[in-house]
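1. just the structure for this:
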Amino acid sequence: MKMIPYFLGSLLFVTASLALAENATVSPTNVSEIENLTEEAKNGELLHNAKCVVCHSHLVYIRENRKIHNYDSLKIQVERCTESLGIEWWPDDDEMLAVIAYLNEKYYKFEKPADE
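-> Below is the predicted model of the structure:
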């Protein structure tokens, strides 16, 4: 029984820390930045918000030690995520490409390969 107050206190601390971290690391979104998204990326944002935020927030895209370092690795990671979640997007599917476009335009800004 003595563990319950410690557990609840720890839970409260972690929750508060996550809330503060989320607010502290979010860069403000400019209206012009939103307007500069292509139509494909705007569609990708809707799909991303419906499917991808189930597992993680946008913080995964802006962390210092992110795993994505080029357009191809971004595409592979989106493919990997869709497979693990059972989302019925397939490589080169319009929906998957829209999500990749959104993530790239909003967060990564990699040069898209010429053959894409």
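
2. lowest-pLDDT helix or strand in this protein?
-> helix 3-25 (a mean of 47; mean pLDDT, DSSP states H and E).

3. so where's this structure shaky on pLDDT?
-> Residue ranges of the chain with pLDDT under 70: 1-35, 116.

4. quick one: the helices in it, in order.
-> Secondary structure of the chain (DSSP state H): helices at 3-25, 31-35, 39-51, 59-62, 71-85, 94-103.

5. return the set of buried residues in stretch 48-58.
-> For stretch 48-58, the neighbour count (16 or more other C-beta atoms under 10 Å) marks His48, Lys51, Cys52, His58 as buried. All C-beta atoms are positioned from the backbone trio N, CA, C, and that covers glycine.

6. what is the nearest of those residues to Arg80?
-> Cys52 (12.0 Å; C-beta to C-beta).

7. how close does the closest one get to Glu88?
-> 14 Å (C-beta to C-beta, to the nearest Å).

8. and for Glu40?
-> Distance from Glu40 to Glu88, by C-beta to C-beta: 19 Å.

9. then Glu105?
-> 24 Å.

10. could you find the closest non-adjacent residue to Leu37?
-> In this structure, Leu37 finds its nearest non-sequential neighbour in Glu105, 5.4 Å apart by C-beta to C-beta, 6 or more residues apart in numbering.
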